[in-house]
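Asks: predicted structure and sequence below. I'll ask about it afterward.
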Amino acid sequence: MLVTALEEYTKGRYKIYLDEQFAFVLYKGELRRFKMKIDSELTESEYEEIINDIILKRAKRRTLYLLKDMDRTEQQVRNKLKEGFYPEDIINYAIEYAKGYHYINDENYARRYVEYKRSTKSRMAIALDLRNKGITKEIIDQVYEESNIIDDEAIVKLIKKKRVDVNEADKDQLRKLYMYLCRKGFRYEDIDNAIARMKEESTV
């Protein structure tokens, strides 16, 4: 393999191109170690050593670091590794490595997120958040089916936050309240149920 380009993209870190194709990123010291320069040859054994002993190990460490202080979905970790210019096959190995230790689990992530947000957001809004984080529709539907969550709690909380007295509100106030909640992603039927519940509880 011929080294066709060395492109410095941060101080001391270089993108390496082999046979005109981007291959990986190395530090300046690693370039010296493998005597790598433009038009130099990289043997197959040297390439395997770089991939297995440097790039893959670095990707695994980076993955664990990303998950150290916060939960992330598989897609979020994958995107972060792409930003670090790790090759696709290396990213796949690192992801599977983390999954093997249950550090990445999209189902568990979705369950925790739903539980945390259920009192302030509609199912539709939560589902959109999760889809944007790379969680599949199948996982989202499964989590909601298992949890049997309805939107009443979040609706009631938002109505109280708006300080609307559902017993005293006139038609115009109720119309505005419904419009506000619909924009938040709540279904008309669930809003009806939540308001009926609030009215019933106020008479107890």
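Replies: Yes, it's here.
Asks: okay, buried residues for the top helix by length along the chain please.
Replies: Across the chain, the longest stretch assigned as helix under DSSP state H is helix 188-202. Using 16 or more other CB atoms under 10 Å as the test for burial, helix 188-202 gives 190-191, 193-195, 198. Any C-beta I mention is one placed from the backbone N, CA and C, and that applies to glycine too.
Asks: what does it contact?
Replies: With contact meaning CB atoms under 8 Å, 6 or more residues apart in numbering, helix 188-202 is reached by 150-152, 155-156, 159, 166-167, 178, 181-182.
Asks: just stretch 52-70 next, same as before
Replies: In contact with stretch 52-70 (CB under 8 Å, 6+ apart) are residues 24-26, 30, 72, 77, 80-81, 84, 86-87, 90-91, 93-95, 97-98, 103-104.
Asks: those, buried ones only, as a PyMOL selection?
Replies: Buried residues among the contacts of stretch 52-70 (16+ other CB under 10 Å), as a PyMOL selection:
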select buried, resi 24+25+26+30+72+77+80+81+86+87+90+91+93+94+95+97+98+103+104
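Asks: what about the contacts of stretch 52-70, which are in helices?
Replies: Among the contacts of stretch 52-70, DSSP H puts 30, 77, 80-81, 90-91, 93-95, 97-98 in helices.
Asks: okay if I get the contacts of helix 188-202 as CSV plus pLDDT and distance to V114?
Replies: Compiled in CSV, those are given as follows (pLDDT from 0 to 100; distance: CB to CB, whole Å):
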residue, pLDDT, distance to V114
I150, 67, 12
D151, 67, 12
D152, 74, 15
I155, 85, 16
V156, 83, 18
I159, 85, 21
V166, 81, 26
N167, 81, 31
Y178, 86, 24
L181, 88, 19
C182, 86, 21
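Asks: got the buried residues of helix 188-202 as JSON lines, with distance to D19 and pLDDT columns?
Replies: Shown next, in JSON lines, are the buried residues of helix 188-202 (distance: CB to CB, whole Å; pLDDT from 0 to 100):
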{"residue": "D190", "distance to D19": "59", "pLDDT": "83"}
{"residue": "I191", "distance to D19": "62", "pLDDT": "86"}
{"residue": "N193", "distance to D19": "64", "pLDDT": "82"}
{"residue": "A194", "distance to D19": "63", "pLDDT": "82"}
{"residue": "I195", "distance to D19": "67", "pLDDT": "82"}
{"residue": "M198", "distance to D19": "69", "pLDDT": "81"}
